[in-house]
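# output the structure for:
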Amino acid sequence: MHVPHAEPWRVAVVGSGPSAFYTAEALFKTPDARVQVDMFDRLPVPFGLVRGGVAPDHQNIKAVTRVYDKIAANPGFRFFGNVQIGRDLQVEDLAARYHQIVYAFGCETGQKLGIPGEELRGVHSATEFVGWYNGHPDHAHRTFDLRSAKRVAIVGNGNVAMDVARILLASPDELGKTDLADHALAVLRTSSVREVILLGRRGPAQAAFSPKEIEEIAELPDTAVLVRPEEAALDALSEAWLAKDGARSQQRNVKFLQEHAGHDSPAGHKRLQCRFLVGPTELLGEHGDLQAVRVQHMELVADTDGTPRPKARDSFEEVPVDLVFKAIGYRGIPVPGVPFDQKKGIVPNLDGRVLDKVGGSALVGHYAAGWCKRGPTGLIGTNSLDAKATVDAMREDFAQGARLAPTRTDIADTLRARGVDAVTWADWQRLDAWELAEGQKRGKLRHKLPSIEAVMLVLRDLRAGASAQA
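Purely as a prediction, here's the structure:
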């Protein structure tokens, strides 16, 4: 749909992860329109979970930021890092300066298990751990007692669970060559972890990890992947479901797991034990310290559409562990002034149009994209199609005159007047070059600073240096 108009079409995008950049990309491809996109992030650095969530030994996935660099090169693009909505700016400030606002701030916290014992020392969310080893400022201060822990349980068996398992089992020397945070590397070098146990409620055919993820762990030096034969075997329901509806990746997972069923761990090897049909019901401890996970055994029963679903059996088991990581998904955090669905942990919306409340009316000029729109599902590329769908709705509304009526001055002037030290894209490019150069000095890919304060100090020095050379 064409959106012809003489004046620039001004859009604010809140967040700077994949969905934010794909939104900007789709907007810039609008025919016959002069689009200006201002992107805001509470952190002084862009890229969201690509920077703070993708494992440091998966640099091929992080390479997607080159695409985002090209999007940011559009003359209609501006970046405002270190700017938090609800603190430095309010939603009303954006509404007074833009025709449309897109919320693309993702899901930033981990889901809770909701079982007794979750408050025990030694129980952590995978979100915290992933942020910690990636140098995310929200999590750099976290502590994980890897020195004392020998046996770790991870609740969940998706790719995040696999990332956590691999970081715990991999050689610190190899991880030290990546962009793993320095504070995390120091702790991992002292780690006593010898065994990681994945706990999955469903069977091997429904495992959520990709084949590549588990194969990578099997390829780690001196590491064995173990599966109990009775848990690797498929019941008749799963066999029928896999044959009819199973993806190729799920068939590959089953083949891999069954090939490793019944294997023993060679002496001196670390172990990844994949458990299936077990659901945690309680975290057990003494004097506030975690000691074990109580799990209930499951069986698979057919849902109304024939999909195998776990059903609890009257059978339990205690699994002694020193640490637990909850890898059962991400959840959104409310942003001041933005409607929020507490039950789903997302911004309530209908096809990307934000609703004033769950089941309510659409707010003119307000949209959502990415995880805060649909929940934490899909891969990085999934956000591209999602963003295009939201932008289609934005174009349609704009063409019909359903848009905000900005009256105020440029947001950059507002931020300056309020004394907010906003980070520009040029600032980020200087910091990016600095991180790479500092990493090279240390024999690694990139050196990340663990706090916003530290980043801003370096940025101010880099700005001063650039000004002196000008």
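# just give me the neighbour total for the closest residue in space to Thr223 that isn't next to it in sequence.
Leaving aside its sequence neighbours, Thr223 sits nearest to Lys270 (Cβ to Cβ, 6 or more residues apart in numbering; 4.7 Å). From N, CA and C alone the C-beta is placed, and that goes for glycine too. By other Cβ atoms under 10 Å, 18 other residues sit near Lys270.
# got a list of what Lys270 touches?
Residues near Lys270 by Cβ atoms under 8 Å, 6 or more residues apart in numbering: Leu169, Val193, Arg194, Glu195, Val196, Leu220, Asp222, Thr223, Ala224.
# which one of the residues you listed is nearest to Asn157?
Closest approach to Asn157 among the contacts of Lys270 (Cβ to Cβ): Val196, at 11.3 Å.
# burial count for that closest one?
For Val196, using other Cβ under 10 Å, the count is 27.
# so it touches Cys274, yeah?
No. Between Val196 and Cys274 no contact is recorded; they are 9.6 Å apart, counting by Cβ atoms under 8 Å.
# between the two, what contacts are shared?
By Cβ under 8 Å, 6+ apart, no residue touches both Val196 and Cys274.
# what are the ranges of the helices in the stretch 251-400 of the chain?
Chain-ordered helices for the stretch 251-400 of the chain, with DSSP state H, counting those that start in this stretch as the definition, fall at 371-374, 382-399.
# so what touches the last one?
Residues from elsewhere that reach helix 382-399, judged by Cβ under 8 Å, 6+ apart: 1-3, 9, 11, 17-19, 22-23, 25-27, 30, 99-100, 102, 104, 351-353, 364-365, 367-371, 373-374, 378, 403.
# would you show me how to pick out the buried ones of the residues you listed in ChimeraX?
Buried residues among the contacts of helix 382-399 (16 or more other Cβ atoms under 10 Å), as a ChimeraX selection:
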select :3,9,11,17,18,19,22,23,25,26,27,30,99,100,102,104,352,353,365,367,368,369,370,371,373,374,403
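# please narrow the contacts of helix 382-399 to those residing in strands.
Trp9, Val11, Gln100, Val102, Arg353, Val364, Gly365, Tyr367, Ala368 (DSSP state E).
# could you chop this protein up by domain?
9-108+332-423, 111-329 (automatic domain parsing).
# is it possible to get CSV of the ones you listed that adds mean pLDDT and distance to Leu462?
Output for these, formatted as CSV (pLDDT from 0 to 100; distance: least, Cβ to Cβ, whole Å):
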stretch, mean pLDDT, distance to Leu462
domain 9-108+332-423, 95, 11
domain 111-329, 95, 18
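# can you tell me the element the nearest residue to Asp410 once chain neighbours are set aside falls in?
Once flanking residues are discounted, Asp410 sits nearest to Arg97: 7.3 Å by Cβ to Cβ, 6+ apart. Using DSSP states H and E, no element contains Arg97; it sits outside every helix and strand.
# how many residues are close by Arg97?
Neighbours of Arg97 (other Cβ under 10 Å): 21.
# my read is that it contacts Arg10, right?
Yes. Applying Cβ under 8 Å, one finds Arg97 in contact with Arg10, separated by 7.0 Å.
# anything in contact with each of those two?
Common contacts of Arg97 and Arg10 (Cβ under 8 Å, 6+ apart): Pro406.
# report the buried members of the contacts of Lys270.
Counted by 16+ other Cβ under 10 Å, those give Leu169, Val193, Arg194, Glu195, Val196, Leu220, Thr223, Ala224 as buried.
# quickly name whichever of the residues you listed is closest to Arg121.
Val193 (16.5 Å).
# give me phi/psi at that closest one?
phi -60, psi 120 (degrees, to the nearest 10).
# helix or strand: which one has the nearest residue to it once chain neighbours are set aside?
Among residues not flanking Val193 along the chain, Leu168 sits closest, at 5.0 Å (Cβ to Cβ, 6+ apart). Per DSSP H and E: Leu168 is located in helix 159-169.
# give me the residues contacting that helix.
55-58, 126, 129-130, 133, 146, 152, 154-155, 175, 188, 191, 193, 196, 198, 208-210, 213-214, 216-217, 220, 223, 270, 272, 325, 327.
# ok, and the closest non-adjacent residue to Gly378?
Asp386 (7.6 Å).
# from Gly370, how far off is the one you found?
Separation of Asp386 from Gly370 (Cβ to Cβ, to the nearest Å) stands at 6 Å.
# residues shared between the contacts of the two?
Ser19, Tyr22.
# quickly list what the nearest residue in space to Leu94 that is not next to it in sequence is bridged to.
Using Cβ to Cβ, 6+ apart and skipping the chain neighbours, the partner closest in space to Leu94 is Ala12 (4.6 Å). Applying DSSP bridges to Ala12 gives these bridge partners: Asp38, Ile101.
# next, count neighbours for Ala12.
Using other Cβ under 10 Å, Ala12 has 27 neighbouring residues.
# and it, how far from Ala454?
28 Å.
# next: Arg374.
34 Å.
# would you confirm that Val278 contacts Gly200?
Yes. Val278 lies in contact with Gly200 (Cβ under 8 Å); the separation is 7.1 Å.
# that older thread, in CSV, list the domains of the chain along with distance to Gln440.
Shown next, in CSV, are those (distance: least, Cβ to Cβ, whole Å):
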stretch, distance to Gln440
domain 9-108+332-423, 15
domain 111-329, 11
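# quick one: closest of those domains to Arg460.
domain 9-108+332-423 (7.9 Å).
# ok, and the closest non-adjacent residue to Phe340?
Phe340 sits nearest to Pro334 (Cβ to Cβ, 6+ apart), 4.1 Å away.
# neighbours of that neighbour, how many?
Number of residues near Pro334 (other Cβ under 10 Å) recorded here: 13.
# start to end distance for stretch 14-21?
10 Å (Cα to Cα, to the nearest Å).
# who's in contact with it?
Counting by Cβ under 8 Å, 6+ apart, 13, 39-41, 43, 46-50, 64, 67-68, 71-72, 79, 81, 85, 94, 101-106, 335, 369-373, 380, 383-384, 386-387 sit against stretch 14-21.
# off-centre distance for it?
12 Å (Cα atoms, centre = their mean, to the nearest Å).
# do the same with stretch 282-302
26 Å.
# show residues contacting it.
113, 115-118, 120-123, 153, 155, 199, 201-203, 235, 237-238, 275, 277-281, 308-313, 315-324.
# so how do I select the buried members of those in PyMOL?
In PyMOL syntax, the buried subset of the contacts of stretch 282-302 is picked out as below (16+ other Cβ under 10 Å):
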select buried, resi 113+117+118+120+122+123+153+155+199+201+202+203+237+238+275+277+278+279+280+308+310+319+321+322+323+324
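# secondary structure added to the contacts of Lys270, as CSV?
As requested, those are exported to CSV (DSSP: H, G, I helix; E, B strand; the rest coil):
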residue, secondary structure
Leu169, helix
Val193, coil
Arg194, coil
Glu195, strand
Val196, strand
Leu220, coil
Asp222, coil
Thr223, strand
Ala224, strand
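# coming back round to it: closest one of the ones in strands among the contacts of helix 382-399 to Lys444?
Proximity of the ones in strands among the contacts of helix 382-399 to Lys444 (Cβ to Cβ) peaks at Val102, which lies at 35.1 Å.
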